[in-house]
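[1] Sequence isn't available, so here's the structure alone:
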């Protein structure tokens, strides 16, 4: 089973549409794992009904029992997340600030702190034209520790094994923090989507450094490559030094956001279909997407 | 007045709006601090080109066992909710990447054997452009958690203000709707959500709006690439009675400025007018609300 994660560092470079397109370009079924859990968009490209809804519980949150609490103030002092506040007659916990670390419970002399399981999101499964889609939703303002990303990937692997599917396409989160670490760990390749802009290049450098930190091989797609010939050349030069292959270039096209409004991916646009096929083949040549190994 | 510029979806134009709004406010004669809180992928400096005058390392606390006194009771491992400590015999191993720095292990260590040390997580830069002050953070590559750095960056910026009067802090927030976006917007009096009217843009805008509601923030909206999409977003903004501060149609100049790292406000009269109008609205709102701090 091969796992390929599409990331970008910078947001809005076209990750989701490219991930969906690459799954569509394959003649074989695939599992798409949408790991951009606090802005999951893959489901917008694939009609269907979710056949699984699973709560995602992560850690717990403190709750202070007002009957037992003597308002001694020790918990407020030890809480490093400023999650405990005192009002005139009681102490209460701000559950968004609380990280569930139990420091308050350790220090409380009257056992007044209880912990409540924290449901922070949901995981969904949907059967789609190209195979299966596992996607998730982190509830707003919750801690995106990468655990939900790992859960989505685990479920995607289980489903792939169950149905004998050989490829998992991971729609990665933006940035270089923990959700990205969880999304790229142990993948066969990271496909980085970049753009020829100062921010695109800056973010490409950081996200490729992250991949090399974790020993993940990279391949690059330059989106909107024709917006700046000199910046595209700069990207090519940088990747040359890294010995990282460019697996495709997509031109700037105002029709793309409009087609997206109709739920169309790049693959489904006549102007870009051949480019997507070529990108799929370039990746395939390098890692043998459908060959069994690992 | 503290304003956070945020969006659910990446690439919606947060940095574009934040840098241009900050510059436009400065041109109205206001004191402005621009804060780059997108510490995983900070881009503001690429457009504002500040002279960095101060740089400091941002750190977080992690526990360690300084000497061989440990009796191997295992309390620290038991109490750690993040599975960051492993006790084997009298050996205490701390997994720094998993540690949240909560200090529970120190409280649980009956003989106070455990101690804490600082580990660097990133850098905070402070500087100036011709017209405004700049504070930004850069997360170390490989560091998992960005929120402690974001909080440090915002606090550094707020502490750097000279007076409260007539001063605007513009925070460029990270994308998304989770902890890092909360850390960047928590201190704000107003959250400006930048959104595109595309299907994906509208979907993520709704998530960002939910986040802002959960943390009780006042929300205003800027629609970017306003002519490339559908009416859904506008309808939603109208129904929720959210102030729509500005609609920016797709502009070739803006797209090209991004490739070169210049501000479109300097190159394009339309963009200059748009942001001058936006800054006037912001100034007006601030004066009406009495410049809440």
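    Yes, it's here. Worth saying up front: this structure is predicted, and the values here are computed from it rather than measured.

[2] So which bits of the stretch 1-150 of chain B are right by chain A?
    Within reach of chain A by C-beta under 8 Å from any C-beta of the partner chain, the stretch 1-150 of chain B has these residues: B:8-12, B:15, B:40-41, B:43, B:46-47, B:79, B:81-82, B:100-104, B:107-108, B:139, B:141-146. To be clear about C-beta, it is placed using only N, CA and C from the backbone, and glycine gets the same treatment.

[3] For these, which PyMOL command selects only the ones that are buried?
    A single PyMOL command selects the buried members of the residues of the stretch 1-150 of chain B next to chain A (16 or more other C-beta atoms under 10 Å in any protein chain shown):
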select buried, chain B and resi 8+9+10+11+12+15+40+41+43+46+47+79+81+82+100+101+102+103+104+107+108+139+141+143+144+145+146
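
[4] Could you list which of the residues of the stretch 1-150 of chain B next to chain A belong to strands?
    Using DSSP state E, the members of the residues of the stretch 1-150 of chain B next to chain A that fall within strands are residue B:139.

[5] Which residues of the stretch 1-150 of chain A lie near chain B?
    Residues of the stretch 1-150 of chain A lying near chain B (C-beta under 8 Å from any C-beta): A:8-13, A:16, A:37-39, A:41, A:44, A:59-60, A:78, A:80-81, A:96, A:99-103, A:106-107, A:138, A:140-146.

[6] Just the buried residues of those.
    For the residues of the stretch 1-150 of chain A next to chain B, a burial check counting by 16+ other C-beta under 10 Å picks out A:8-13, A:16, A:37-39, A:41, A:44, A:59-60, A:78, A:81, A:96, A:99-103, A:106-107, A:138, A:140-146.

[7] How far away from the center of its chain is the helix or strand residue B:77 falls within?
    Here residue B:77, judged by DSSP states H and E, is contained in helix B:75-79. Helix B:75-79 sits 34 Å away from the centroid of its parent chain (C-alpha atoms, centre = their mean, to the nearest Å).

[8] One more: stretch A:90-108?
    That offset, for stretch A:90-108, works out to 29 Å (C-alpha atoms, centre = their mean).

[9] and for it, what are the contacting residues?
    Applying C-beta atoms under 8 Å, 6 or more residues apart in numbering or on different chains, the contact partners of stretch A:90-108 are A:59-64, A:66, A:69, A:71, A:74-86, A:113, A:115, A:118, A:141-143, B:79, B:81-82, B:100, B:102-104, B:107-108, B:182, B:214-215.

[10] now with 6 Å?
    Applying C-beta atoms under 6 Å, 6 or more residues apart in numbering or on different chains, the contact partners of stretch A:90-108 are A:59-62, A:64, A:66, A:69, A:74-75, A:78-79, A:81, A:83-85, A:113, A:141, B:79, B:81, B:100, B:102-104, B:107-108.

[11] Identify the residue spatially nearest to residue B:69, adjacent ones excluded.
    Among residues not flanking residue B:69 along the chain, residue B:113 sits closest, at 4.8 Å (C-beta to C-beta, 6 or more residues apart in numbering or on different chains).

[12] For the helix holding residue B:77, enumerate the helices and strands it packs against.
    Contacts defined by 3 or more C-beta pairs under 6 Å, 6 or more residues apart in numbering or on different chains; DSSP states H and E place helix B:75-79 against strand B:85-88, helix B:104-108.

[13] what would those look like in JSON lines with mean pLDDT and distance to residue B:152?
    Shown next, in JSON lines, are those (pLDDT from 0 to 100; distance: least, C-beta to C-beta, whole Å):
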{"stretch": "strand B:85-88", "mean pLDDT": "96", "distance to residue B:152": "24"}
{"stretch": "helix B:104-108", "mean pLDDT": "97", "distance to residue B:152": "21"}
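
[14] residue ranges with poor pLDDT in the stretch 151-294 of chain A?
    Counting by pLDDT under 70, the stretch 151-294 of chain A has low-confidence residues at A:293-294.

[15] Looking at the chain, which helix is longest?
    Reading this off chain A. Longest helix in chain A, counting residues (DSSP state H): helix A:270-287.

[16] Not quite, go with chain B.
    Using DSSP H, we find that the single longest helix of chain B is helix B:269-288.

[17] could you say what helices and strands that helix packs with?
    For helix B:269-288, the helices and strands in contact under the criterion 3+ C-beta pairs under 6 Å, 6+ apart are helix B:14-27, strand B:244-248.

[18] If we use 8 Å, what do you get?
    Helix B:269-288 is packed against helix B:14-27, strand B:244-248, helix B:252-260, with contacts defined by 3 or more C-beta pairs under 8 Å, 6 or more residues apart in numbering or on different chains; DSSP states H and E.

[19] Just the mean pLDDT for the helix or strand just after the first one, thanks.
    So the one you mean is helix B:14-27. Per DSSP H and E, the first helix or strand lying C-terminal to helix B:14-27 is strand B:31-36. Averaging pLDDT along strand B:31-36 gives 97.

[20] residues making contact with strand B:31-36?
    B:18-19, B:22-23, B:25-26, B:42-45, B:48, B:131-137, B:153-154, B:157, B:160-163, B:166-172.

[21] Run me through the strand neighbours of that strand, direction for each.
    Strand B:31-36 pairs in its sheet with strand B:133-139 (parallel), strand B:167-172 (parallel), by DSSP bridges.
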